[in-house]
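Chemist: pasting the sequence and the predicted model now:
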Amino acid sequence: NAGVTQTPKFRVLKTGQSMTLLCAQDMNHEYMYWYRQDPGMGLRLIHYSVGEGTTAKGEVPDGYNVSRLKKQNFLLGLESAAPSQTSVYFCASSSDRVNTGELFFGEGSRLTVL
Amino acid sequence: DAKTTQPNSMESNEEEPVHLPCNHSTISGTDYIHWYRQLPSQGPEYVIHGLTSNVNNRMASLAIAEDRKSSTLILHRATLRDAAVYYCILRDVNAGYGGSQGNLIFGKGTKLSVKP
């Protein structure tokens, strides 16, 4: 089982460049999430999706956009990267509401913005 | 969501049991207690969750105090692979989605070191 797969795993960008992180899950999960993790900050929710074609803002959505055109994929876009977006990004999915269900995480994507 | 308090770090010897405490004195009756762990350079990994009764699975046991104001994650025989940051998280079963409500709030957790 692949579970949750994130690509790319590493990326270096210059300020102002754009990029897209891809998250794919093969568990037929309805819910998908994008988090970022900074040193000493824990994980913070950027955007999430409760089903194909839906997206919603999380705790720190500014500077990011997302799309969920297919149930198995959740894309995170940075239109104009800033150094403050240097972080490790984690995608997660769940079959049920996160209150009672289990979140499955990808291995992370480390992004550096110069 | 109610907050949790965990020690910043703990040490254990390999093949010995580990008891990781979590205090949640303001827990509500509908809060589930979740535990996740994060190994170095990996994403968080689900460990266990429970509501009122003690829970066991292949990874660990969760002991919940009778008044639910604290809980303990028990690793029965620590291995070097168990060295990770362990997060204790509360989530209200009735909480919907919207803003930050739809997520599990990961604090700083407890960093567990396992000595050979």
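Modeler: Great, that's in hand. This structure is a prediction, so every number in the text was calculated from the model and none was measured. Numbering: from 1, shown residues only, chains lettered A, B, ... in the order given.
Chemist: run a quick neighbour tally on the residue of chain A found nearest chain B.
Modeler: Residue of chain A nearest chain B, by C-beta to the nearest C-beta: residue A:105 (3.2 Å). Every C-beta, even on glycine, is put in place using the N, C-alpha and C of the backbone. Using other C-beta atoms under 10 Å in any protein chain shown, residue A:105 has 22 other residues around it.
Chemist: next one: it, what pLDDT does it get?
Modeler: Note on residue A:105: pLDDT of 94.
Chemist: tell me the contacts of it?
Modeler: By C-beta atoms under 8 Å, 6 or more residues apart in numbering or on different chains, residue A:105 lies in contact with A:4, A:90, A:91, A:92, B:43, B:44, B:45.
Chemist: my guess is the last one contacts residue B:34. True?
Modeler: No. At 11.8 Å, residue B:45 and residue B:34 do not qualify as touching, with contact defined as C-beta atoms under 8 Å.
Chemist: and these two? which has more neighbours close in?
Modeler: Shown here are residue B:45 and residue B:34; by other C-beta under 10 Å, residue B:34 has more neighbours (25 against 16).
Chemist: quick one, phi/psi of the more buried one?
Modeler: Note on residue B:34: its backbone torsions stand at phi -110, psi 150 [degrees, to the nearest 10].
Chemist: of all the residues in chain B, which one is nearest chain A?
Modeler: For chain B, C-beta to the nearest C-beta, closest residue to chain A: residue B:43, 3.2 Å.
Chemist: can you report phi and psi for that residue?
Modeler: Backbone torsions for residue B:43, taken as degrees, to the nearest 10, come to phi -80, psi 160.
Chemist: then the one 10 residues further on?
Modeler: Reported as degrees, to the nearest 10, the phi and psi values for residue B:53 are phi -90, psi 160.
Chemist: pLDDT of stretch A:82-96, averaged?
Modeler: Mean pLDDT, stretch A:82-96: 93.
Chemist: name the nearest residue to the residue of chain A closest to chain B, sequence neighbours excluded.
Modeler: Of all residues beyond its chain neighbours, the one nearest residue A:105 is residue B:43 (3.2 Å), with distances taken as C-beta to C-beta, 6 or more residues apart in numbering or on different chains.
Chemist: residue contacts, residue A:43?
Modeler: Neighbouring residues of residue A:43 by C-beta under 8 Å, 6+ apart: A:35, A:36, A:37, A:90, B:44, B:106.
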